[in-house]
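# Coordinates only, no sequence provided:
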């Protein structure tokens, strides 16, 4: 497998992670997975009801997918830890996306509580992917706590506002020393491509696909955009200049 | 400082004159803004805005899709006791009404819970009449312990309690509180609540805040629309919600817009809340409080609920009985007449048919000793 993303002992060929929330029906999910080419899907444990045959979201996720249960609804590190343990006990594997949110208006993550939860869960053998506000100090602490990647937000969840935190995400990509997965805020395929061109390891999105007029078409669009952005990053983007550079310079004769 | 201080200031607004002053431009200005303030809310509730419901609806739907997607959470109320010590002029459970009162034993609670849970619902709203003597906190806690075996989220709608009592219930597994102020207009409140502890306006008004302080995950408030001028009541409800949101950002504040329904007595509401008015209220709530839950009860008829669910509503009751033990026995006296008697599967199918997704479970109880 060329250019695989290695996380938690897995090699992933797709760098597009998707979500399961906000769809008009769960039966769309298998097709979204197929069209997006995604291999990792996040699921809110709060929505999982193993006792329900018809309404169990897990029954719509093909077995080859890597489940990334998230701790949506947690307001403290302790709650996130309990949710993660419940998810593992329910057979959802040992990957977990830490979401600790104490702000119901903008749904911005609490980095301090997220670090605390990461320390505990990484020590228990979880592959921890924390959703975070893009702050370098917090990212370094998450790395030291044992996070397998960091997941900074591009903009508030569900806002489709794009890479509003681009400068800070760029710093994390340069300095954090572990994969950076841009999570939340990406609304357009071009924004996903931009994140990948910057060197993000992957992007995670849900609202942009789930609330598109044609979710399947949008899933495919994001698949192409993420692949294109990654390819551009690997190819190395040309330098950006303020002024034009003449292709026939005036002093070229000096080198003859 | 509680919302009471804010309310006493807001009450000085000359509402009746003000409503007439708002124009189409004020409404359009509010619609163009991302974060709305008090003036915008007033504009959206004004008569001028009633001519622009479609524009409001388009934006409200966009906001709802962005924040909640196509998900609509389902729940049902479960009445376990109808003893009440209050004399409220508009409620069947009022102490002055002479009917055989009921209170479920824990075995009956379990049977009722099992019957409801078999429908697939995992969110329950436990209700009692307002009587500390007949349905004390200890009884509510015992009921909650039973309900935890069947449900992943338990909310309560009981008489106002102290912060410590709410804390006890949160520790037992209750994660949500519903408490309706009924009427925000103080003079009307005094008139309608003739006797009993409920007559204490402020004790009731501050109870949702005590619930936030006790750590409930969600607090649902509302005015019983029809008891006073609906524009003013909707305004005060939304301002109350904003007050709670500002101070308790970790708590999900939801709003309910219940309309007055026929009941055992003969009280006639002062303010006629038409369907158009209800739509305007729901849209104003959504635009003013983009991330708040909006709950729609079976007080509304089926056809109307099917339409309203596209305008910002995020929670609906289904398979409802407003009688104590109504899911397992012939029940008792309903608190009010419901308008939408559809079963859980019927509501589920309606939502799917409308391009929406019914959510049966949206939380796991995390309190100590949880059954999960």
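Alright, I've got the coordinates. All of these numbers come straight from a predicted model, not from anything done at the bench.

# mind checking pLDDT for residue 56?
Because you didn't say which chain, this covers chain A. Per-residue confidence (pLDDT) for residue A:56: 84.

# you looked at the wrong chain, it should be chain B
96.

# For whichever strand or helix holds it, which residues meet the burial criterion?
Residue B:56 belongs to helix B:53-68 when assigned by DSSP states H and E. Neighbour-count burial for helix B:53-68 flags B:56, B:57, B:59, B:60, B:63, B:64, B:65, B:66, B:67, B:68 (criterion: 16 or more other Cβ atoms under 10 Å in any protein chain shown). Bear in mind the C-beta positions are built from the backbone N, C-alpha and C, glycine included.

# hmm, stretch B:161-171 in reach of chain A?
No: using Cβ under 8 Å from any Cβ of the partner chain, stretch B:161-171 stays clear of chain A, with a minimum separation of 12.3 Å.

# so how far is that stretch from its chain's centroid?
Distance, stretch centre to chain centre, for stretch B:161-171: 19 Å (Cα atoms, centre = their mean, to the nearest Å).

# Show me the contact partners of that stretch.
Outside stretch B:161-171, the residues within contact range by Cβ atoms under 8 Å, 6 or more residues apart in numbering or on different chains are B:137, B:140-141, B:144, B:156, B:177, B:207, B:210-211, B:213-216, B:367-368.

# among these, which are in strands?
Using DSSP state E, the subset of the contacts of stretch B:161-171 located in strands is B:156, B:177.

# possible to save the buried residues of helix B:53-68 as CSV with distance to chain A?
Output for these, formatted as CSV (distance: Cβ to the nearest Cβ, whole Å):
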residue, distance to chain A
B:56, 20
B:57, 17
B:59, 15
B:60, 15
B:63, 10
B:64, 10
B:65, 5
B:66, 5
B:67, 5
B:68, 7
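
# Looking at these, spot the one nearest residue A:197.
Taking Cβ to Cβ as the measure, residue A:197 lies nearest residue B:66 of those, at 25.8 Å.

# one step back: if you rank the contacts of stretch B:161-171 by neighbours, which is first?
Within those, neighbour counts (other Cβ atoms under 10 Å in any protein chain shown) peak at residue B:211, which reaches 30 neighbours.

# OK, contacts around it?
For residue B:211, the contact set (Cβ under 8 Å, 6+ apart) comprises B:166, B:177, B:179, B:219, B:251.

# between the residues you listed, which is nearest residue A:190?
residue B:251 (36.8 Å).

# Can you give me the neighbour number for that closest one?
Other residues close to residue B:251 by other Cβ under 10 Å number 25.

# Might you report the residue contacts of the residue nearest to it when sequence neighbours are not counted?
Leaving aside its sequence neighbours, residue B:251 sits nearest to residue B:212 (Cβ to Cβ, 6 or more residues apart in numbering or on different chains; 4.7 Å). Residues in contact with residue B:212 (Cβ under 8 Å, 6+ apart) are B:219, B:244, B:247, B:248, B:251.

# SS state for residue B:189?
Three-state assignment for residue B:189 (DSSP: H, G, I helix; E, B strand; the rest coil): helix.

# Contacts only, for it.
So residue B:189 contacts B:182, B:183, B:201 (Cβ under 8 Å, 6+ apart).

# State the distance from the last one to chain A.
Using Cβ to the nearest Cβ, to the nearest Å, we find residue B:201 at a distance of 27 Å from chain A.

# if you skip the residues just before and after it, what's nearest to that residue?
residue B:189 (5.0 Å).

# Test for you: state the pLDDT assigned to that neighbour.
We have a pLDDT of 94 for residue B:189.

# Over to residue B:149?
You'll see residue B:149 listed with a pLDDT of 94.

# Pull the number of nearby residues for it.
So residue B:149, with other Cβ under 10 Å, has 11 neighbours.

# which helices and strands does the helix holding residue B:56 pack with?
helix B:24-32, helix B:275-288 (3 or more Cβ pairs under 8 Å, 6 or more residues apart in numbering or on different chains; DSSP states H and E).

# Just name the most buried of the ones you listed.
Most buried of those, by mean neighbour count (mean count of other Cβ atoms under 10 Å in any protein chain shown): helix B:275-288, with a mean of 23.

# could you say what helices and strands that helix packs with?
If contacts are counted by 3+ Cβ pairs under 8 Å, 6+ apart, helix B:275-288 sits against helix B:38-45, helix B:53-68, helix B:230-247, strand B:293-296, helix B:302-308.

# nearest to residue A:222, of the ones you listed?
Of the helices and strands packed on helix B:275-288, nearest to residue A:222 by Cβ to Cβ is helix B:53-68, at 17.3 Å.

# on that earlier part again, could you check the angle helix B:275-288 makes with the helix holding residue B:56?
50 degrees (axes from the mean of the first three to the mean of the last three Cα atoms, to 10 degrees).

# how much distance is there from helix B:53-68 to the middle of the chain?
Centroid separation for helix B:53-68 versus its chain: 21 Å, with Cα atoms, centre = their mean.

# moving C-terminal of it, what's the next helix or strand?
For helix B:53-68, the succeeding helix or strand toward the C-terminus, using DSSP H and E, is strand B:71-81.

# Kindly calculate the angle that that following strand makes with helix B:53-68.
Inter-element angle recorded for strand B:71-81 and helix B:53-68: 90 degrees (by the same axes, to 10 degrees).

# Does strand B:71-81 reach chain A?
Yes: with Cβ under 8 Å from any Cβ as the criterion, chain A is reached by strand B:71-81 at residue B:71.

# which residues sit in contact with residue B:11?
Contacts of residue B:11 (Cβ under 8 Å, 6+ apart): residue B:186.

# my bad, should have said residue B:215
Contacts of residue B:215 by Cβ under 8 Å, 6+ apart are B:167, B:170.

# The residue lying closest to residue A:93 once chain neighbours are set aside bridge partners, please.
Of all residues not flanking residue A:93 in the chain, residue A:67 sits nearest, at 5.2 Å (Cβ to Cβ, 6+ apart). The partner list for residue A:67 in beta bridges (DSSP bridges) reads residue A:41.

# Next, find the distance separating residue A:63 from chain B.
Distance from residue A:63 to chain B, by Cβ to the nearest Cβ: 22 Å.

# Tell me, how many residues neighbour the closest residue to residue B:180 other than its chain neighbours?
Spatial nearest neighbour of residue B:180, excluding adjacent residues (Cβ to Cβ, 6+ apart): residue B:222 at 4.9 Å. The number of residues packed near residue B:222 is 24, by other Cβ under 10 Å.

# wait, is residue B:222 part of a strand?
Yes: according to three-state DSSP, residue B:222 belongs to a strand.

# Just give me the closest of the contacts of residue B:211 to chain A.
The shortest gap between chain A and any of the contacts of residue B:211 belongs to residue B:251, at 6.7 Å (Cβ to the nearest Cβ).

# these two touch, right, that closest one and residue B:244?
Yes: at 7.0 Å, residue B:251 counts as touching residue B:244 under the criterion of Cβ atoms under 8 Å.

# which residues are common contacts for these two?
In contact with both residue B:251 and residue B:244: B:212, B:219, using Cβ under 8 Å, 6+ apart.

# ok, the nearest residue to residue B:234 once chain neighbours are set aside to chain A distance?
Once flanking residues are discounted, residue B:234 sits nearest to residue B:281: 4.5 Å by Cβ to Cβ, 6+ apart. Using Cβ to the nearest Cβ, residue B:281 is found at 21 Å from chain A.

# For the nearest residue to residue A:98 once chain neighbours are set aside, pull up the helix or strand it's in.
Residue nearest to residue A:98 in three dimensions, not counting chain neighbours: residue A:130, with 4.2 Å by Cβ to Cβ, 6+ apart. Per DSSP H and E, residue A:130 falls inside strand A:127-132.

# So which bits of the helix or strand just after that strand are buried?
Once the chain leaves strand A:127-132, the next helix or strand it forms, by DSSP H and E, is helix A:136-145. Residues A:138, A:139, A:140, A:141, A:142, A:143, A:145 are the ones in helix A:136-145 that count as buried (16+ other Cβ under 10 Å).

# of the residues you listed, closest to chain B?
Nearest to chain B, judged by Cβ to the nearest Cβ, of the buried residues of helix A:136-145 is residue A:138 at 19.2 Å.
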